[in-house]
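Participant: 3D model of this:
(one chain, ligands or ions: 2)
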Amino acid sequence: MRLYNTMTGQKEEFMPLEPGKVTMYVCGPTVYNYFHIGNARVFIVFDVVRRYFEYKGYKVIYVQNFTDIDDKMIKRANEENITVKELGDRFIREYFEDAEALGIKRATVHPRATENIDNIIEFIKKLIDKGYAYVVDGDVYFDVSKLDDYGKLSHKNIEDLISGARVDISEKKDDPLDFALWKAQKEGEPGWESPWGVGRPGWHIECSAMANRYLGQTIDIHAGGPDLVFPHHENEIAQSEAANGKPFARYWMHVGFLNVNNEKMSKSKNNFFTVRELRQRYNPELIRFFILTSHYRSPLNFSLDLLDQAKNGLERLHNGFDNIKFFMKKANKNNSALTAEEMGFIEKIDSYKKKFIEAMDDDFNTADAIAVIFELIRDCNSFIGEGINIQVVEKAYDVLSEFAGVLGILTEKEELLDENIVKLIEEREKARAEKNWALADKIRDELKEKGIILEDTPSGVRWKRA
Ligand SMILES: Nc1ncnc2c1ncn2[C@@H]1O[C@H](COP(=O)(O)OP(=O)(O)OP(=O)(O)O)[C@@H](O)[C@H]1O
Ligand SMILES: [Zn+2]
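Facilitator: Ligands and ions are numbered 1, 2, ... in the order given. A predicted model of the protein is given here:
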């Protein structure tokens, strides 16, 4: 398997620290609002990365944090007249509701910053003890000048960074590049006891401390959105490598921006669609499918029109898959030998499986993987029909189910067609064979009422859901 590593700027062969096991840390949402579809891109893409590793037989330990204390949290809680904790509790609940609808599996651990304060304080102490951090009036800052490889992830050089850095006048740091590990409490802010007085953690330190706690000093994959490369991930590397003296993450993965009119979708620009509001008009599976139809590192333009345009494709996949399920019931089960064509078709299915795996092995190319599913469905639609050997249909069904499981799509209709409906379809076909058109039509109408639409094709009857 090869994946693109932001650190080296190249696709590299994936080699986990421990054979058979993958440790992953993904920077999760700041829980002051519903998440938007730009944020969703991160959660969906790395959910697929995780599913694919699992499909390949790896044991994956997946950590996605909740940032539940920062300026935005405090501001919103004050506006709503609730505590920061209440705000966090609420939007963590909302996160899980939307994530579940999008088919995003729960992480192995979803740690909250505020539930790791002791662990964060320990981490900061270690940095101070080792001379990488200093205290000023209850704030603690990381001393970037102590590192000679700062900027290595974002490929920035220190001089450029210094000239570009802006310093907030409330900060008392020695150097513009230094960043806060601990912030002394201000009026109207929540705070926790620490050796430096009451305060709260900075943003970057929470991820270093939680990755360390749940995954160890060196992790396999660290991931997030593109805006996190600098400064967030750069600072995480500084903290973790200074504290532990070991490489922090072996691979850094970043999704491309999800844009609206070529501009980053962002809460601050007010050009965002939350998943919650999109769910009122669209099936969440369509959102997931839309995101996965492009390569995760490419910029992806979003509009409602584009989402609408993706509908047809997803529907085609559903109908194709449903037909295969239908023919599982109708296939030839008398254990007869496969015909030469049937054997050929089984080989073809295997070749599609190979192509799917090749696409996913090549830096998780879900766009190509989905194209393979379209080809497979198209071929199945024309090959699989009445009287085909059950082994062929089962093979198609199994391979498609594997693909669907990796991408987390086509899963909501997993149940096979209701027995009653299958019976009705069979009765109608019998009626047609006996030229009893009145009965055949009556059954067709009855099925329509149940939401099943029949279509008579040369290779037999097909059905789809209305
Ligand atoms: N438009 C976008 N495209 C891709 N990823 C994004 C986009 N916006 C945010 N992300 C990512 O979503 C994840 C969740 O981050 P978080 O909740 O902190 O959002 P955020 O960066 O505050 O969003 P916003 O910029 O809208 O305020 C992060 O990994 C972040 O990089
Ligand atoms: Zn982080």
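
Participant: ok, the residue of the stretch 301-450 of the chain found nearest ligand 1 to ligand 2 distance?
Facilitator: With CB to the nearest ligand atom as the measure, Phe302 is the residue of the stretch 301-450 of the chain nearest to ligand 1, at 8.6 Å. (C-beta placed from N, C-alpha, C; glycine too.) Per CB to the ion, to the nearest Å, Phe302 is found 24 Å from ligand 2.

Participant: do Pro284 as well
Facilitator: On the measure of CB to the ion, Pro284 and ligand 2 end up 25 Å apart.

Participant: Which residue, other than its chain neighbours, is closest to that residue?
Facilitator: Ala101 (4.1 Å; CB to CB, 6 or more residues apart in numbering).

Participant: Now the phi/psi pair for the one you found, please.
Facilitator: Dihedral pair for Ala101: phi -60, psi -30, per degrees, to the nearest 10.

Participant: Find me the pLDDT at it, would you?
Facilitator: pLDDT, Ala101: 95.

Participant: That one and Tyr282 touch, don't they?
Facilitator: No. The pair Ala101 and Tyr282 does not pass the contact test of CB atoms under 8 Å, sitting 10.6 Å apart.

Participant: In contact with the closest residue to ligand 2 within the stretch 301-450 of the chain, which residues are there?
Facilitator: Among the residues of the stretch 301-450 of the chain, Phe364 lies closest to ligand 2, at 20.5 Å counting by CB to the ion. Counting by CB atoms under 8 Å, 6 or more residues apart in numbering, Phe364 makes contact with Leu3, Val45, Val48, Val49, Tyr52, Tyr296.

Participant: The residue nearest to Pro284: what's it in contact with?
Facilitator: Val275, Arg279, Pro284.

Participant: Let me know the distance separating it from Glu234.
Facilitator: 34 Å (CB to CB, to the nearest Å).

Participant: and Ala184, what are its phi and psi?
Facilitator: Torsion angles, degrees, to the nearest 10, at Ala184: phi -60, psi 150.

Participant: Distance check, the closest residue in space to Trp437 that isn't next to it in sequence against Lys330.
Facilitator: Spatial nearest neighbour of Trp437, excluding adjacent residues (CB to CB, 6+ apart): Ala431 at 7.7 Å. Ala431 sits at a distance of 16 Å from Lys330 (criterion: CB to CB).

Participant: residues touching the closest residue to ligand 1 within the chain, list them.
Facilitator: Closest approach between the chain and ligand 1, counting by CB to the nearest ligand atom: Gly225, at 1.9 Å. By CB under 8 Å, 6+ apart, the residues touching Gly225 are Cys27, Gly38, Asn39, Arg41, Val42, His254, Val255, Phe257.

Participant: Now do stretch 396-411: everything it contacts.
Facilitator: So stretch 396-411 is contacted by 44, 47-48, 51-52, 55, 103-105, 285, 288-289, 292, 314, 317-318, 321, 324-325, 328, 349-350, 352-353, 356, 360, 366, 369-370, 372-373, 376-377, 380, 384 (CB under 8 Å, 6+ apart).

Participant: Equivalent analysis for stretch 86-96, please.
Facilitator: 29, 31-35, 66, 68-69, 73, 76-77, 80, 106, 110, 112, 114, 276.

Participant: and if you look at stretch 440-456?
Facilitator: So stretch 440-456 is contacted by 421, 424-425, 427-428, 431-432, 461-466 (CB under 8 Å, 6+ apart).

Participant: picking up where we left off before, kindly supply the PyMOL command isolating those of the contacts of stretch 86-96 that are buried.
Facilitator: This is how PyMOL selects the buried members of those, with burial counted by 16 or more other CB atoms under 10 Å:
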select buried, resi 29+31+32+33+34+35+66+68+69+73+76+77+110+112+114
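
Participant: The contacts of stretch 86-96 in helices, which ones?
Facilitator: Met73, Arg76, Ala77, Glu80, Arg276 (DSSP state H).

Participant: Report the two of these separated the most.
Facilitator: Farthest-apart pair in the ones in helices among the contacts of stretch 86-96 is Ala77 and Arg276; separation 19.4 Å (CB to CB).

Participant: Just list the residues touching Thr6, thanks.
Facilitator: Contacts of Thr6 by CB under 8 Å, 6+ apart are Leu153, Val229, Trp252, Met253, His254.

Participant: Highest neighbour count among the contacts of Ala101?
Facilitator: Counting neighbours by other CB atoms under 10 Å, the top entry in the contacts of Ala101 is Val275, with 25 neighbours.

Participant: So for that residue, what's the pLDDT?
Facilitator: 97.

Participant: Report the buried residues of the helix or strand that contains Asp89.
Facilitator: Assessed by DSSP states H and E, Asp89 sits inside helix 84-101. For helix 84-101, burial by neighbour count (16+ other CB under 10 Å) applies to Val84, Leu87, Gly88, Phe91, Ile92, Glu94, Tyr95, Asp98, Ala99, Ala101.
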